[in-house]
Each structure stands twice: as C-alpha cells, then as structure tokens.
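Chemist: The sequence and its predicted three-dimensional model are supplied below.
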There are 2 protein chains.
Amino acid sequence: MTEAVGLSASLEDYLEAIYNIIKEKSAVRAKDIAAKLQVSNASVTGALKALAKRDFLNYAPYDVITLTPKGEKLAREIVRRHQVLKDFFVKVLAIDEDEANKTACKLEHGISPEIINRLVQFIEFIDVCPLGGDKLIEGFKRHLECGVDSNNCEHCLDMARGLVAASNQAHKVQKKTLVKLKAGARGLIRGIRTKGPLKKRLSEMGLTPGSVVEVERVAPMGDPIEVKVRGYHLSLRKEDAEKIEVEVR
Amino acid sequence: MTEAVGLSASLEDYLEAIYNIIKEKSAVRAKDIAAKLQVSNASVTGALKALAKRDFLNYAPYDVITLTPKGEKLAREIVRRHQVLKDFFVKVLAIDEDEANKTACKLEHGISPEIINRLVQFIEFIDVCPLGGDKLIEGFKRHLECGVDSNNCEHCLDMARGLVAASNQAHKVQKKTLVKLKAGARGLIRGIRTKGPLKKRLSEMGLTPGSVVEVERVAPMGDPIEVKVRGYHLSLRKEDAEKIEVEVR
DNA sequence: TAAAAAATTTAGGTGAGACTAAATTTTTCC
DNA sequence: GGAAAAATTTAGTCTCACCTAAATTTTTTA
C-alpha cells in the first residue's frame, strides 16, 4: 500500500497550469489547460481525474475545477521552483526570458528543495556580497558580449588569463605545449599546431584557441593526459597534447 | 517522415550508462547497465534494440555492444551536461557530491546547449573575475554555514542588510512595516507582529525574520501587495502586510 | 425556449518504458 | 566435452500519458 510518492512530471505540469490560470482569470476551463499545455481536451479530462483521485483538486464531470488546500500548496511549490530557475537563468546567466521559461518548465520537476533553496541563497548572495553584486553580473554580461570566438577578444583573453593564473605558481607569461602542464594546472589555448582531420577532431572536442584547459590527471608515462575543456572531460594522447599550444603564468 | 527528434530521457540514460561503463571497464554487459540504472535485465534489452535501431549503437542479440560514432558523440554530450551541472552544484552551490550527481541525472535531459554553455562560462567567470574568484564562493559557503535560521547570525543579517541597501535610496537604517515599502524596494524582515494561525500562515509562505522581502507591485489602494520572498511570489492583504516589520535603509 | 454552437467527457487506441516468468544462449568448471 | 551456472533474450503484461472520434452536457443565441 505505498501511495503518495509525489506526482509525475506530467501531472505537476497540469497542476501548475491550473494554478496559473486561476491566478490570471480566476476560472479554470479545461480548454485553457489544454491550450496552455498543448494537449488535447480529452487528455485534460484524464489528468483532472487523476489529480482529483489523489485529492489535489475538486472535480466532478462538467463541474467547476478548484484546487484543494493540498493541491494549492503543491502548486505553489512547483511555481516557485519554476520561478527560481527562471530567475537564475535570466538574472545570473543572462538568458533571454523565453528560453529561460522553456527550460525552467523542463527542469522544474525533480529538482530537490535543497538545491532550489541554495539557488535562492546564491542569487541573493550574488546580489549583496561585497565581492559580488550587480557589478559581478554586469561584468559577466559584458564578458558574454564578446561572443563565442573569445580568441579575438582581448577582454575575454584577459579573463581567461586570470583563470589560468589562479591555478599556477609562476607569474611570468609563458608559452608551452599542453604536455608540459602538471595535474591541476590550467592553460589558455593559443594555437593548435596541426591541421586536417586531427585538428578538426580536437576542435570538435572543444580544444580551440581562446578556451581554458585544465589538466586533471596525467598517467604514469605521461600518456594519456586527462583534461577538462568547456565542461568536457577528455583523454588525450601525449602526441596530440604536444600539438596544443597553451599560455600559462 | 519526421525522425531524429532526439532521444527520450530514458534512452539518454542508457546511452550515458553505456558510455560510462565502457570508460570504466571497456566491456559493456547488459547486467551492468541494469545495475547502474536500477532496471531489470529485460528492460535493458529493449533499450538496446531501440538505440541500435536509431544507429546509436552496434548490437545484435548475444553479441558485444559498442557505440557507433553517432552514439559516442551524443553520449559525450550527455556526460558533459551531467558534468557541468554537477560542477555547478558542487563548486558554486556547495551541494554535496551525492546529491549533486542525483540531481544532475534528473536535469541533464532537456537542458539546452545554450544554457549549458552559459553555465560553463559562468563557472569560469566566477573563478576568474576580479570581483569574484574563490573569495566569492568561499564567502558564499561561509554564508551557508550560518544555517537556515539566518535571524540569529549577524553575518547573514549583514548580508541581508546589504541586499536591502542595494535597492533603496536612504542610507539610514529604519524600521517600518511592509506596507510602507514602495514597489521595487526590499526589506529585511525583523519581526511578525501577530500570532496564532495568521503567524503560522505567513511563516509557511516564507515570511520569517531574517529573510529578505521584495515588493513587486502595489495595487491602487495599497491592497493587495505583491511580494517575493525566498522565491515565492505572494499576494498579501494590506492588513497582513501591516503585521510585518521590516528594516530598510 | 428550443435549436445551434461550444465545451467537455467517454470510448477505444497507440506507443514508450517498465515489469515477471520462461526460454535460449553463452560461459564456467569439473 | 558436457552439465551447471550465469547472462541474455523473448513473450506477455501493466501503467502512463497521450491521441481521435463520437457522445453528452452546458451555454449561447435567434
């Protein structure tokens, strides 16, 4: 007799839609729900029955639809998750509102309260911390404006140099190949000394001039070398790593 | 003839699991996949067929399982999404590794490349920006250590005061009730001047001493007042807002 | 107020993705 | 090399969440 495990993502969507429609228009019609969720009217009926059976809403065929206290509470929670995610995307990551909403819709299910709360704290913290504040986010936005091709933007390169500097000891700028870096060190990629298919392959992995590469582990004989670039974990052969010119300091 | 819409979350999970098992042990057995994803062996067979049909892996009954180039590429992409999310949770939000992994698993489907890239940029930016850097994240962690009851921690209160200050004009600390705040202003809640069910209700909405409340909109006659606290959007009646003491400056 | 229009529900399917149980193939080990 | 064990696949169900088409109820309007 295990019940009450929580709602499926789909039913959460229905509950959220109902909550939002009530807020906007105070009356909920099945048609509106169908329109908002882009499903057929028949599907809505099914969902309403499922939600009613679990006591999230009051519903009888052809009757008005209202949320139960339990339903209202959960709906509010879902809306909050959505809002927090959207806020983070818009305010911190500078994603446009549309995309932020779309993604929030997809992620809002299955994110723990713990992480949502952290996110709220983080957004507030960024706002307020003497080290952060609006300046931080403004700086980030400026940084973003340089576009993807960060190898052509001195501002971005300076950023990246700072990132590199943070993890190393020496203070003079040096050029090396990737094989010379020790585990934990970071380098700014300035060139790929090869061409043809190999160059293409390396590029596809994210190893392009302007991006920062972090050495994670080096195998006993220096081969292979595990690195991280742009979120990808890669294992490079020594001979390939030798082709990659990096700047360190 | 619309094909190639992308994989379902479930199939992405299988692909990811296969990729990870290959990395660890170089041979993939259906049993391992089943164990990793906590599904029955029979379910694995079904998924393998589905993935093979779409050319993500090479598979024939009782034969060895290998990824096609297409499968490998997508798998790498999925693993990257997972990794980026996990990094963000662990490094920025200071979530423990276990929880970070679990949540990354749930969110890694249906997050756009755009947002993933922004996250990478943001994590790198935080690391490097003169205004940010490790100090920012250390500060955030210290902030978190104060626990949930931020009303008892001077450090947190100072943070919150800073947050409040950022949105207001006056520079002297003042105590007011929430009704006195204009749209856009933030206040630090210092007390709730009521008790019983109303106090409980307000608390449940997140209106507790120590948290920051932001006024979003005030209706013509000052009633109701729309506010945001801890990610929740609330609509408060004027008479309730009068019960809430806030500190502004 | 009754016929037409609109909204909603029921009935009957489909496909994805899981399961159990039984059959089959591969591997291990005596 | 063959029997026992292990792994894998097949067969047959189940639930969820969607669909279309037809029936029913409510609302509108002439």
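Modeler: Good, I have the coordinates.
Chemist: Now do stretch A:90-105: distance from first to last residue.
Modeler: 14 Å (CA to CA, to the nearest Å).
Chemist: wait, does it contact DNA strand D?
Modeler: No: under the criterion of CB under 7 Å from any atom of the strand, stretch A:90-105 makes no contact with DNA strand D; the nearest approach is 12.1 Å. In this view, the C-beta of every residue, glycine as well, is placed from N, C-alpha and C.
Chemist: buried stuff in that stretch?
Modeler: Under the neighbour-count criterion of 16 or more other CB atoms under 10 Å in any protein chain shown, stretch A:90-105 has A:90, A:92, A:93, A:94, A:95, A:99, A:100, A:101, A:102, A:103, A:104, A:105 buried.
Chemist: Show me what that stretch is in contact with.
Modeler: Stretch A:90-105 has contacts (CB atoms under 8 Å, 6 or more residues apart in numbering or on different chains) with A:13, A:81-83, A:85-86, A:89, A:122-123, A:126, A:137, A:140-141, A:144, B:110-112, B:114-115, B:118-119, B:122.
Chemist: Now which of these would you call buried?
Modeler: Among these, those buried by neighbour count (16+ other CB under 10 Å) are A:13, A:81-83, A:85-86, A:89, A:122-123, A:126, A:137, A:140, A:144, B:110-111, B:115, B:118-119, B:122.
Chemist: Among those residues, which are located in helices?
Modeler: The members of the buried ones among the contacts of stretch A:90-105 that map onto helices under DSSP state H are A:13, A:81-83, A:85-86, A:122-123, A:126, A:137, A:140, A:144, B:115, B:118-119, B:122.
Chemist: can you list the buried residues of stretch A:90-105 in CSV and add distance to residue A:205?
Modeler: Shown next, in CSV, are the buried residues of stretch A:90-105 (distance: CB to CB, whole Å):
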residue, distance to residue A:205
A:90, 31
A:92, 27
A:93, 24
A:94, 26
A:95, 25
A:99, 26
A:100, 29
A:101, 32
A:102, 28
A:103, 25
A:104, 30
A:105, 31
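Chemist: Tabulate those residues (JSON lines), appending secondary structure and pLDDT.
Modeler: Below are the buried residues of stretch A:90-105 laid out as JSON lines (DSSP: H, G, I helix; E, B strand; the rest coil; pLDDT from 0 to 100):
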{"residue": "A:90", "secondary structure": "helix", "pLDDT": "89"}
{"residue": "A:92", "secondary structure": "helix", "pLDDT": "83"}
{"residue": "A:93", "secondary structure": "coil", "pLDDT": "86"}
{"residue": "A:94", "secondary structure": "coil", "pLDDT": "85"}
{"residue": "A:95", "secondary structure": "coil", "pLDDT": "90"}
{"residue": "A:99", "secondary structure": "helix", "pLDDT": "94"}
{"residue": "A:100", "secondary structure": "helix", "pLDDT": "95"}
{"residue": "A:101", "secondary structure": "helix", "pLDDT": "95"}
{"residue": "A:102", "secondary structure": "helix", "pLDDT": "94"}
{"residue": "A:103", "secondary structure": "helix", "pLDDT": "95"}
{"residue": "A:104", "secondary structure": "helix", "pLDDT": "96"}
{"residue": "A:105", "secondary structure": "helix", "pLDDT": "95"}
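Chemist: Could I get the full set of helices for chain A?
Modeler: A:9-25, A:30-37, A:41-53, A:69-87, A:97-107, A:113-128, A:133-145, A:154-166, A:196-204, A:238-241.
Chemist: right, and these - which one's nearest residue B:214?
Modeler: helix A:113-128 (9.8 Å; CB to CB).
Chemist: and the closest one, what does it pack onto?
Modeler: Under the contact definition 3 or more CB pairs under 8 Å, 6 or more residues apart in numbering or on different chains; DSSP states H and E, helix A:113-128 sits against helix A:69-87, helix A:133-145, helix B:97-107, helix B:133-145, helix B:154-166.
Chemist: got the domain boundaries for chain A?
Modeler: When chain A is parsed with automatic domain parsing, its domains come out as A:9-67, A:155-248.
Chemist: Farthest pair within the buried residues of stretch A:90-105?
Modeler: Comparing every pair within the buried residues of stretch A:90-105 by CB to CB identifies A:94 and A:105 as the most remote, at 19.1 Å.
Chemist: which of the ones in helices among the buried ones among the contacts of stretch A:90-105 come close to DNA strand D?
Modeler: By CB under 7 Å from any atom of the strand, the members of these lying near DNA strand D are residue A:13.
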